[in-house]
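Visitor: this one's structure only:
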């Protein structure tokens, strides 16, 4: 490794010289080498000095090496700048001239433009909230949406396209020190990759922000950049598959919300596994907290999940006819909002079909997936009306046609489905169960719960299938198998739903904002503790760093036995519980909390003071959404389906079900293999019998490669 040594005042004709393996030299050996190389005055006294700009302290520091001291780097950090030089001029306080330090290090520091702006806010002379906001506003007005704060990247969503994400820009940011080029999301990805390789440590990129801030797009850009880094050296096709997983997950897990055209309604953690040589080995997708309530209800100016609209906009008339589908306005689950938002759903459908095809979801397999989606739409169109009888009103089905379509697509008995929607079993102590009629409200609840269960099962199945296809040839996370962690590393990318404060906030925002509170708490602890640890390593004295601690707000949610979550679970366990009683419990327990504001009038609302601002929640349906359990008698009917795929969606253990499916396929392949061996004398090709066997052997190998995912 070559290192520049600046000659400063000792040789006016030469600015610097390069030295191989400088860290193997002592100061005296290095001085003797340079004096000999440039024929300097041997009678003079020389010094080897290290000058460093400490990024965390925003100050210059210098060290004069002793004669027998080895030349070692003082501060190992991408954000620090260190320069080594030879001099014979030392001030009386044994420190080099400060102007000299600035001139040497300054050329490596971020340059501000003629407006006095920096790419990194840490270099501002005045660090206040207002100065930071003014600086960001000024940069944004010049179409500079990225700004560093140390190793953190701030991104402001411009809501328009900028041509800074093409292959040329990817190539520009490859293998560059963080801060060497203007701030960019590619720089963060490149820094994570090379930190993983050079430091031999797993990396994680956390993407946070409010809803609509561009988190999903940033995640996709990071993944595309990481795929491009190894695309030329891998050749396995894994990079393309990882990239094409995003359109599938976005179609089934994203939706239009009040402030965002492509809002993630679930949390996603993508783990990209690398071999020792830096090539991609595989990937794992983890999903959290899918917003299943959106299937049956969404706000004004919002939409259901993208995939429903993509399917209905398909130009495949034969597919739509087989699914008995028409247009979006004809379905209750899609038409119960007053939104007039235009999207190119037909183009997105083709993009989705192409991505699904890459994962083997084509032909009948894709039809089965679309059948579930169509069945959910038909289920939502089942209307109920009340019929009177001496013991009270009971629900009946208005039109049986949607019910017949639902039963046909899921291959279940239509009469049994009608029965479990219109009635339920009550357990009487000391007696057998008794069937009672459902009211219209209870029938609607049973219908909607079934729809949410089917979609949740379908989403989980898709994630499982993607993981099977993205799996590497070695176990990714299996504690029973010894792993050599030094030879395989990973980069994790967390894309979680952002902080939300809509015109109407319910249980979904309650959970989402709690998750963001947890993320903010981790962020505070991680960042400030890291800075203080660096100070300790360098033996720097400092005062404790104060920051806004949001742990009291978290305790408001999680405290036991009287936190908000505990009180909610308690109310859900009561047969006659109600939202009004739950709200009174909230107000009684949290009346002294500065993070909880009580209602001023008799309305079903309460307010929580989050780190990102106050949010007013409507407590209506909190209990129902928190329970979200499908009745067992409904589950039994669905499990009787003649379609194996439907049974798989509602299986208690989808992974075990998938394993059994793999085993069935292997048994079938073995039988076919035996048949081939017994009839090989009758089979002839231009290459002989050997062209038959490898097909089966290839299948066995692929099954062997995927076994660990199912353990």
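Guide: Perfect, I can see it now. Only a predicted model underlies this, so the values are computations on that prediction, with no experimental measurement involved.
Visitor: alpha carbons only for contacts and neighbour counts from here, please
Guide: OK.
Visitor: Determine the number of other residues adjacent to residue 400.
Guide: Residue 400 has 14 neighbouring residues, counting by other C-alpha atoms under 10 Å.
Visitor: Provide the backbone phi and psi angles at the closest residue to it other than its chain neighbours.
Guide: In space, and not counting its chain neighbours, residue 400 is closest to residue 382: 7.4 Å by C-alpha to C-alpha, 6 or more residues apart in numbering. Dihedral pair for residue 382: phi -70, psi 110, per degrees, to the nearest 10.
Visitor: wait, doesn't residue 382 sit right on residue 403?
Guide: Yes - counting by C-alpha atoms under 8 Å, residue 382 sits close enough to residue 403 to count as a contact (6.3 Å).
Visitor: Next, count neighbours for the residue nearest to residue 400.
Guide: Here the count is done by other C-alpha under 10 Å, and residue 382 has 23 residues near it.
Visitor: cool, and the one 3 residues further on?
Guide: Burial of residue 385, expressed as a neighbour count using other C-alpha under 10 Å, amounts to 14.
Visitor: Can you list the neighbours in contact with the helix or strand harbouring it?
Guide: Using DSSP states H and E, residue 385 maps to strand 384-387. Around strand 384-387, the neighbours that count as contacts under C-alpha atoms under 8 Å, 6 or more residues apart in numbering are 393-398, 439-440, 443-444.
Visitor: what's next to the helix or strand following that strand, contact-wise?
Guide: Of the helices and strands lying after strand 384-387 in sequence (DSSP H and E), the nearest is strand 394-397. Around strand 394-397, the neighbours that count as contacts under C-alpha under 8 Å, 6+ apart are 382-388, 422, 437-440, 443.
Visitor: again with stretch 203-218
Guide: Residues outside stretch 203-218 that contact it (C-alpha under 8 Å, 6+ apart) are 155-157, 185, 192-193, 195-196, 219, 259-264, 490-500, 516, 519.
Visitor: Which strands border the strand holding residue 385, and is each parallel or antiparallel?
Guide: Based on DSSP bridges, the pairing partners of strand 384-387 within the sheet are strand 394-397 (antiparallel).
Visitor: before we move on, the earlier item: among the contacts of stretch 203-218, which are in strands?
Guide: 155, 263-264, 490-495 (DSSP state E).
Visitor: Check which residues of the helix or strand encompassing residue 570 are buried.
Guide: Following DSSP H and E, one finds residue 570 within helix 564-572. Judged by neighbour count (16 or more other C-alpha atoms under 10 Å), helix 564-572 contains these buried residues: 564-565, 567-568, 571-572.
Visitor: cool, and stretch 159-173?
Guide: For stretch 159-173, using 16+ other C-alpha under 10 Å, the buried residues are 170, 173.
Visitor: And the strands in the stretch 51-200 of the chain?
Guide: Under the criterion DSSP state E, counting those that start in this stretch, the stretch 51-200 of the chain contains strands at 59-64, 81-87, 146-149, 152-155.
Visitor: Can you tell me the strand partners of the second one and which way each runs?
Guide: Strand 81-87 sits in its sheet next to strand 2-6 (parallel), strand 47-54 (antiparallel), going by DSSP bridges.
Visitor: who wins for proximity to residue 276 among the ones you listed?
Guide: strand 2-6 (25.4 Å; C-alpha to C-alpha).
Visitor: as a whole number, average confidence for that closest one?
Guide: The average pLDDT within strand 2-6 is 70.
Visitor: Would you mind identifying the next helix or strand past that strand?
Guide: Sequence-wise, the next helix or strand beyond strand 2-6 is strand 16-20, with elements assigned using DSSP H and E.
Visitor: Rounded mean pLDDT for that following strand, please.
Guide: Strand 16-20 shows an average pLDDT of 79 in the prediction.
Visitor: Who are the packing partners of it?
Guide: strand 2-6 (3 or more C-alpha pairs under 8 Å, 6 or more residues apart in numbering; DSSP states H and E).
Visitor: So for the strand it packs on, what gets flagged as buried?
Guide: Buried-residue list, strand 2-6, by 16+ other C-alpha under 10 Å: 5-6.
Visitor: orientation of the one helix or strand residue 226 maps to relative to strand 489-495 in degrees?
Guide: Using DSSP H and E, the secondary-structure element containing residue 226 is helix 215-234. Calculated by axes from the mean of the first three to the mean of the last three C-alpha atoms, to 10 degrees, helix 215-234 forms an angle of 160 degrees with strand 489-495.
Visitor: and for whichever helix or strand comes after helix 215-234, what are the contacting residues?
Guide: Where DSSP H and E defines the elements, the next helix or strand beyond helix 215-234 is helix 238-253. Surrounding helix 238-253, the residues in contact under the criterion C-alpha under 8 Å, 6+ apart are 220, 223-224, 227-228, 230-231, 262, 264-266, 280-283, 290, 305-307, 351-352, 355-356, 358-359, 459, 463, 466, 470.
Visitor: returning to what we had before: distance to residue 328 added to the strands paired with strand 81-87, as CSV?
Guide: Putting the strands paired with strand 81-87 into CSV (distance: least, C-alpha to C-alpha, whole Å) gives the following:
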stretch, distance to residue 328
strand 2-6, 65
strand 47-54, 59
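Visitor: so which of the ones you listed gets nearest residue 605?
Guide: With C-alpha to C-alpha as the measure, strand 47-54 is the member of the strands paired with strand 81-87 nearest residue 605 (50.0 Å).
Visitor: quick one: buried residues of stretch 44-51?
Guide: For stretch 44-51, the neighbour count (16+ other C-alpha under 10 Å) marks 46-51 as buried.
Visitor: Flag the least confident of the residues you listed.
Guide: For the buried residues of stretch 44-51, the least confident entry is residue 51, with 75.
Visitor: What subset of the contacts of helix 238-253 is buried?
Guide: Buried among those by 16+ other C-alpha under 10 Å: 220, 223-224, 227-228, 230-231, 262, 264-266, 280-283, 290, 305-307, 351-352, 355-356, 359, 459, 463, 466, 470.
Visitor: before we move on, the earlier item: kindly indicate which of the contacts of strand 394-397 lies nearest residue 639.
Guide: When the contacts of strand 394-397 are ranked by distance to residue 639 (C-alpha to C-alpha), residue 422 comes first, at 18.6 Å.
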